[in-house]
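Colleague: model the structure of this input:
(chains A and B)
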Amino acid sequence: MIINHPILGPRDAAEFVCLGDACMIDRPDWEAEDAMQQFHEYGYLRDNPAGQHQELWYHEQGDRSWLVLTRNTLTHEITKVEMARDVARSRGRDK
Amino acid sequence: MPEFTLTAEPPLMGLNETFGDMVLRAPADMAIVSIALPLGGEEAALKAIKAAYGVAMPEVGQMATSKGGETLMRMSMDQGFVVFTHPTPDANAIVNAKLKGKAYTTDQTDVWCALELSGATSRDALERICPLDLHDAGFAVGEAKRTMMEHLGTIIARTDTDTWLLMSGSSSAGSFLHAIETSIKNVS
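Modeller: Just a heads-up that it's a prediction; the model follows:
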């Protein structure tokens, strides 16, 4: 499998490790009324979609960047690769 | 108290082997210092690097050489290496002084081992263990990339048409040398 890194170009998937669902980017607000419930969902509950799925991948044997991959779990086709920092900033992260 | 004198002995020191048209050697007195760009201070750090070395920090995956012979390698968005010939163990202080504290520097001289492979068939030897495309279109002279070879994290830089600089962890220098030698013997 080849992952087309947004900065480095096509790289062998063996250079990467997969963390899992990209929902990990959206850490809940610890001051929210229902923080307990939100953190339970954040820590333990995951969707298991058959089809499009966003995942966090780490380029450990490369530039050590975190990526958000949009991958089809049925076909393994990777349709989009983004820098996780860009995704996080687009979702309101300040740095 | 007796006086002790410590002698530096880098891994693979003095290595110089010939296989057919290929030469495998370990560069002597190679100092390596990493430069990390501070979050929010990237612009100032890049300016300081340009001022210190006379060349701009290259794009990710590229190398640039200063007039003084130092090589800058950009490994990722926020991190790069400066590689230069320097025999004494004070490389970090030198780089830090040049950058005037505008970037985070770490002396990495002792944690890497380096091999230089040259020769007309050197690419044939490397293509068996390097997962990157080493053809001219995929890897031009002046590029430096981080990958792995034989499960060992490696930086590979193309310093000339048929010359490659390989850097890997010094703690596994023997295994790395064995992997490279085996790959060379398979094609020579």
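Colleague: okay, B:T88: pLDDT?
Modeller: Listed pLDDT for B:T88 reads 88.
Colleague: ok, now how distant is it from B:G119?
Modeller: Relative to B:G119, B:T88 is positioned 32 Å away (criterion: CB to CB, to the nearest Å). To be clear about C-beta, it is placed using only N, CA and C from the backbone, and glycine gets the same treatment.
Colleague: who's more crowded, the two?
Modeller: Neighbour count, other CB atoms under 10 Å in any protein chain shown: between B:T88 and B:G119, B:G119 has more, with 20 against 10.
Colleague: find the closest residue to chain B in chain A.
Modeller: Proximity of chain A to chain B (CB to the nearest CB) peaks at A:D63, 3.4 Å away.
Colleague: residues contacting that residue?
Modeller: Contacts for A:D63 (CB atoms under 8 Å, 6 or more residues apart in numbering or on different chains) come out as A:H5, A:I7, A:L8, B:V60, B:M75, B:S76, B:M77, B:Q79, B:R146.
Colleague: enumerate the residues of chain B near chain A.
Modeller: Neighbours of chain A within chain B, by CB under 8 Å from any CB of the partner chain: B:39-40, B:60-61, B:75-77, B:79, B:131-133, B:145-148, B:153.
Colleague: cutoff 10 Å now
Modeller: Proximity of chain B to chain A, by CB under 10 Å from any CB of the partner chain, involves residues B:39-40, B:59-61, B:74-79, B:130-133, B:138, B:145-149, B:151-154.
Colleague: just the ones in helices from these, please.
Modeller: Using DSSP state H to define helices, no part of these is located there.
Colleague: return the subset of those lying in strands.
Modeller: Secondary structure from DSSP state E places B:R74, B:M75, B:S76, B:Q79, B:K145, B:R146, B:T147, B:M148, B:M149, B:L152, B:G153, B:T154 of the residues of chain B next to chain A in strands.
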